[in-house]
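Peer 1: I need the structure of the sequence given here:
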Amino acid sequence: MNKALRLARRDVPLGVALPWLTLPVAIPLWLVYIQILSKNIFISVDGTILPDTAIKYSPLNNDMMLFWPVAHLVTSGHAGDVYNTSLFSTYLRLHFGGIVPSYYQCPYLPPGLLAPLILAPFGILPGFLVWTLVLTGGSIWLLRLIKAPWPVVGFGLTSVASIYNMLAGQLGLITGTLFLVGLFSIASNPNRAATCFGCLIIKPQAGLLAPIALLARRQYRTIIVSGLVVLALCVLTTLICGAAIWPAYLDEGTASARKILIAPFPNQYEDNGASVFWMMRSFGAGVTTSGIVQTATAVGATVWCWVAWRRDTKDHLALITLTAALTILATPYGYTVDLCGFTLMTGWLAWERRQLELADVLIWVWPAICPLVATGLHMELTPLILLLGAIRAWRRLDGIGTTAPACYPVPL
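Peer 2: So this is what the prediction gives:
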């Protein structure tokens, strides 16, 4: 029987059919990001094979223009210049000309300077290829350690959040994966969990609620080992960059981070924001009010996470999905690239129940919708998407919505 006729006769419930009917809208939005990523890869391959034809400055217009200079400044013995706004801007203009936005400054903690070092042996165009391959390949390897099904890995890597992360040259995919692997390994492999959580010092907001989960499960040894991993990375940072990197960060690095955080909305990537702080700013709230609401949200997310991990549940997928959503809600400094882990877990839940829901499609494509809403309606609504994901995961922990209707299975 013709599918359209079946739908007209309501042989398939609307709740089952609607997610699939929205795909013709979601896929074109996804293809826009695929096109930009493909363009960046093509330019990088072309510039790598034929370097004489590569233009002087980066045509990628992504965070390679931040990480590549960081790598070369650190390896040339000028690590302190990374946090000096005037010297760093001068270095960027020297290499990339006048295309560099004024807000391109380094807000990362000193251990966060370690990851870009893989770019040091390369020019910016081959560096982008190496960066993308290493971080994406590393994420796949980590996910296979916890036996993530290949369809789930594919769902996660092809989500708009992951594609956007790749084309932006960002860390969201690898940090999100480290956080998930750490959560999955708390009971089965505490040393692996500790290593993953400790490595998140390169971007601490990606694992903000990891200590809460560990405390709730009384994994004190794992907390100690995580701390030792953090300490080791800090020592390594000091050996590579010099002790002066720490006062440089405290003096100018934190000022750059604060400047990015409190900039008027929408500015400096805030149209791709994911925090409650920026949502409140988009509604017209001041810095103080936004900070109060963000603090209250962080406290609520922390309590929610503690209660969830104290429960005796065997549904680890829902628990980890909930934690992934709450962690992003807890930080004032988050972007849609940081939704990679949360999006992957949403896909994993959909795969296990063998049913696609409208919320799954919305979460998968949201990073493409977010900037349209932010610029068109002057509203940053990503926290509401995260709250939706958290509520769905919490309901599943309570045994609500765990199975698809027996008479209407929708295979993925």
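Peer 1: Excluding chain neighbours, give the residue nearest to the residue nearest to the spatial centre of the chain in space.
Peer 2: The centre of the chain sits closest to Asp338, judged by CA atoms, centre = their mean, with a distance of 1.7 Å. Ranked by CB to CB, 6 or more residues apart in numbering and with sequence neighbours excluded, the top spatial neighbour of Asp338 is Gly172, at 4.8 Å. Yep, even glycine has a C-beta here, placed from its N, CA and C like the rest.
Peer 1: From what I see, Ala244 and Gly80 are in contact.
Peer 2: Yes - using CB atoms under 8 Å, Ala244 is in contact with Gly80, at 5.3 Å.
Peer 1: And these two? Which one has more around it.
Peer 2: Gly80 (18 against 12; other CB atoms under 10 Å).
Peer 1: The residue nearest to the centre of the chain and Leu236: what is the separation?
Peer 2: 25 Å (CB to CB, to the nearest Å).
Peer 1: Kindly report the same for Ile212.
Peer 2: Taking CB to CB, one finds Ile212 at 27 Å from Leu236.
Peer 1: So which of these two has more stuff around it?
Peer 2: Taking neighbours as other CB under 10 Å, Ile212 and Leu236 compare with Ile212 leading, 21 against 12.
Peer 1: and the more buried one, how far is that from Ala115?
Peer 2: Per CB to CB, Ile212 is found 25 Å from Ala115.
Peer 1: and what of Pro204?
Peer 2: From Pro204 to Ala115 the distance is 13 Å (CB to CB).
Peer 1: Kindly report the same for Cys196.
Peer 2: 14 Å.
Peer 1: Which of those two has more residues huddled nearby?
Peer 2: Cys196 (27 against 21).
Peer 1: where does this structure have low pLDDT?
Peer 2: Applying pLDDT under 70 to the chain flags the ranges 1-15, 51-60, 97-103, 268, 400-412.
Peer 1: Test my guess that Asn40 contacts Phe128.
Peer 2: Yes - assessed by CB under 8 Å, Asn40 is found in contact with Phe128 at 6.7 Å.
Peer 1: what about those two, which has more around it?
Peer 2: Legend: neighbour count by other CB under 10 Å for Asn40 and Phe128, higher for Phe128 (29 against 24).
Peer 1: for that one, what are its contacts?
Peer 2: Applying CB atoms under 8 Å, 6 or more residues apart in numbering to Phe128 gives the contacts 40, 44, 60, 62, 64, 169.
Peer 1: Format those as JSON lines; extra columns: distance to Arg258 and secondary structure.
Peer 2: JSON lines is the format used below for the contacts of Phe128 (distance: CB to CB, whole Å; DSSP: H, G, I helix; E, B strand; the rest coil):
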{"residue": "Asn40", "distance to Arg258": "30", "secondary structure": "helix"}
{"residue": "Ser44", "distance to Arg258": "33", "secondary structure": "helix"}
{"residue": "Leu60", "distance to Arg258": "27", "secondary structure": "coil"}
{"residue": "Asn62", "distance to Arg258": "23", "secondary structure": "coil"}
{"residue": "Met64", "distance to Arg258": "24", "secondary structure": "helix"}
{"residue": "Gly169", "distance to Arg258": "23", "secondary structure": "coil"}
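Peer 1: Which one of those is nearest to Ile124?
Peer 2: Nearest to Ile124, judged by CB to CB, of these is Met64 at 5.5 Å.
Peer 1: wait, what's in contact with the nearest residue to that closest one once chain neighbours are set aside?
Peer 2: Excluding the flanking residues, the one nearest Met64 by CB to CB, 6+ apart is Gly169, at 4.5 Å. Applying CB under 8 Å, 6+ apart to Gly169 gives the contacts 60, 62-64, 67, 128, 131-132.
Peer 1: 7 Å instead?
Peer 2: Applying CB atoms under 7 Å, 6 or more residues apart in numbering, we find Gly169 in contact with 62-64, 67, 128, 131.
Peer 1: what's the spacing between Lys351 and Leu317?
Peer 2: Careful, residue 351 is Trp; it's not Lys. Using CB to CB, Trp351 is found at 9 Å from Leu317.
Peer 1: same question, Pro149
Peer 2: In terms of CB to CB, Pro149 sits 11 Å off from Leu317.
Peer 1: Could you do Leu145 as well?
Peer 2: Leu145 is 16 Å from Leu317, by CB to CB.
Peer 1: These two: who's more crowded?
Peer 2: Leu317 (19 against 14).
Peer 1: is it true that the more buried one touches Ala350?
Peer 2: No - counting by CB atoms under 7 Å, Leu317 sits too far from Ala350 to count as a contact (10.4 Å).
Peer 1: now the helices for the stretch 301-412 of the chain?
Peer 2: In the stretch 301-412 of the chain, the segments counted as helices under DSSP state H, counting those that start in this stretch are 316-330, 340-353, 358-377, 382-397.
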